[in-house]
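Chemist: sequence unavailable; structure follows:
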C-alpha cells in the first residue's frame, strides 16, 4: 500500500496528480522515519537524504514514518 492510499483510507486528500511518482505534485517532507522511495521524480541525492518523499508510490521502510502534511 502506498502512503497515498493509506492517507486516503484515513480520510485525507493530499495533493496528487499522476499517481505514478513522476510529476512531483505530491512531494512531501519527511520529519521522522526511513522512506522506501519508488518514484521517478527525486534525484538519487534527494533519496539518500531521506527528507522528501512522493507519497503516491512510496512507502515506509520501518514501522512508522512522520510526514509534514
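Modeler: All right, it came through fine. Computed from a prediction, not measured in an experiment: that's the story for all the values here.

Chemist: quick check: closest non-adjacent residue to the residue nearest to the spatial centre of the chain.
Modeler: Taking C-alpha atoms, centre = their mean, the centroid of the chain lies closest to residue 55, which sits 2.6 Å from it. Spatial nearest neighbour of residue 55, excluding adjacent residues (C-beta to C-beta, 6 or more residues apart in numbering): residue 3 at 3.7 Å. (Glycine included, C-beta is placed from N, CA and C.)

Chemist: same check, this time on residue 64
Modeler: Counting by C-beta to C-beta, 6+ apart, residue 64 lies nearest to residue 33, which is 5.5 Å off, once chain neighbours are set aside.

Chemist: re earlier: how about the residue nearest to the centre of the chain, what does it touch?
Modeler: 2, 3, 4, 7, 14, 16, 26, 28, 67 (C-beta atoms under 8 Å, 6 or more residues apart in numbering).

Chemist: neighbours around the residue lying closest to residue 65 once chain neighbours are set aside, how many?
Modeler: Leaving aside its sequence neighbours, residue 65 sits nearest to residue 33 (C-beta to C-beta, 6+ apart; 3.6 Å). As a burial measure, residue 33 scores 16 neighbours (other C-beta atoms under 10 Å).
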